[in-house]
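*Asks:* Next input, structure requested:
(one chain, ligands or ions: 2)
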Amino acid sequence: MTTPLLEIEGISKRFGGLAALSDVTAHVARGEIVGLIGPNGAGKTTLFSALVGLHRPNAGTIRLNGKNLVGLKPHKVAAAGMVKTFQNIALFLDSTVLDNVLIGGLMRHSVEDARELARRCLDRVGIGAIADKFAHNLSFPERARVEVARALCTEPQILLLDEAMAALNPVEMDEFLKLLRDLRGEGLTLVVVEHHMRAIMSLCERIIVLNFGQVIATGTPQQVSRDPDVVRAYLGRSAA
Ligand SMILES: Nc1ncnc2c1ncn2[C@@H]1O[C@H](COP(=O)(O)OP(=O)(O)OP(=O)(O)O)[C@@H](O)[C@H]1O
Ligand SMILES: [Mg+2]
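*Replies:* Numbering: from 1, shown residues only. Ligands and ions are numbered 1, 2, ... in the order given. Modelled structure (predicted):
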């Protein structure tokens, strides 16, 4: 068996007395689209933040291509090939779309080369025409694509998407899902956090379910949606 692209082993993260992640072990193979789901507060964003070096875990290892990333700063993790988008979109609103995206390219390239790369990334996500628009003028679907373009501009092997589709209507969501499938077709590996079950179920071949910071199930969409622990986790919270 080939080594997984991403290997997460025994990751724990505490915030004071709160165990946000407890002994999380999971892997992602090259070329997969994996869903990461769980009720609010389950630890999804915390796991992403730990993966990209924004939170240092209290225990565990994170390997990308066999290299341990724990302790590296986010820009080093990005240089190693893994980036995440932010749950709350964090664009520079007074800058153009192109400038927002080229930031991602400055890690590896000169400003000129980053600008060229940014243009290619914008074309790749289908918004080359709005390169000169100011970020504060964007629609939700445009913003979501700018976030993806900025992440692509770091030339990642694996992209972590944290609720990138949250503000999209069903038609916009379908278009965004097509973009993600296309990116995967070009060789990108994706881990997607999303509360919209229809989107996750149709997009992902494998789903990891977190609840109270622990992995409670891993499997195909059909397997996890029938898993009694998963059903209980979701019903328990919504009934509360
Ligand atoms: N910086 C922080 N300091 C203290 N507690 C935090 C911090 N970040 C997250 N938490 C807590 O850790 C737990 C996991 O939060 P996290 O944001 O990872 O959940 P989530 O699965 O992303 O939820 P959502 O679906 O609502 O985005 C929650 O109880 C949250 O309140
Ligand atoms: Mg979150």
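
*Asks:* Every contact and neighbour count from this point should use C-alpha atoms.
*Replies:* Noted.

*Asks:* show me what contacts residue 74?
*Replies:* Applying CA atoms under 8 Å, 6 or more residues apart in numbering to residue 74 gives the contacts 52, 53, 54.

*Asks:* now swap in residue 78 and tell me
*Replies:* The contact partners of residue 78, by CA under 8 Å, 6+ apart, come to 52, 154, 156.

*Asks:* now residue 48
*Replies:* Listed by CA under 8 Å, 6+ apart, the contact partners of residue 48 are 84, 160, 162.

*Asks:* All the strands of the protein, residue numbers only.
*Replies:* 6-15, 18-28, 33-37, 59-64, 67-68, 82-84, 158-162, 189-193, 206-211, 214-219 (DSSP state E).

*Asks:* which other residues reach the fifth one?
*Replies:* It stands for strand 67-68. Here strand 67-68 has contacts from 61, 62, using CA under 8 Å, 6+ apart.

*Asks:* just the last one next, same as before
*Replies:* Surrounding strand 214-219, the residues in contact under the criterion CA under 8 Å, 6+ apart are 21-25, 42, 206-210, 224, 227, 229-230.

*Asks:* ok, of those residues, which come out buried?
*Replies:* 21-25, 42, 206-210, 224, 230 (16 or more other CA atoms under 10 Å).

*Asks:* Domain map for the protein?
*Replies:* Domain segmentation of the chain under automatic domain parsing yields 1-78+157-240, 82-155.

*Asks:* Of those domains, which is nearest ligand 1?
*Replies:* In terms of CA to the nearest ligand atom, the element of these nearest to ligand 1 is domain 1-78+157-240, at 3.2 Å.

*Asks:* what about the closest one, average pLDDT?
*Replies:* Throughout domain 1-78+157-240, pLDDT has a mean value of 94.

*Asks:* the inter-axis angle of the lengthiest helix in the chain versus strand 33-37?
*Replies:* Determined from DSSP state H, the single longest helix within the chain is helix 170-185. Inter-element angle recorded for helix 170-185 and strand 33-37: 130 degrees (by axes from the mean of the first three to the mean of the last three CA atoms, to 10 degrees).

*Asks:* Would you mark the buried spots in helix 170-185?
*Replies:* For helix 170-185, the neighbour count (16+ other CA under 10 Å) marks 173, 176, 177, 179, 180, 181, 183, 184 as buried.

*Asks:* Touching, the fourth one and residue 125? I think so.
*Replies:* Yes - Residue 179 is within contact range of residue 125, at 6.7 Å (criterion: CA atoms under 8 Å).

*Asks:* before we move on, the earlier item: between the contacts of residue 48, which has the most around it?
*Replies:* Greatest neighbour count in the contacts of residue 48, by other CA atoms under 10 Å, goes to residue 160: 27 neighbours.

*Asks:* That'll do, ta.
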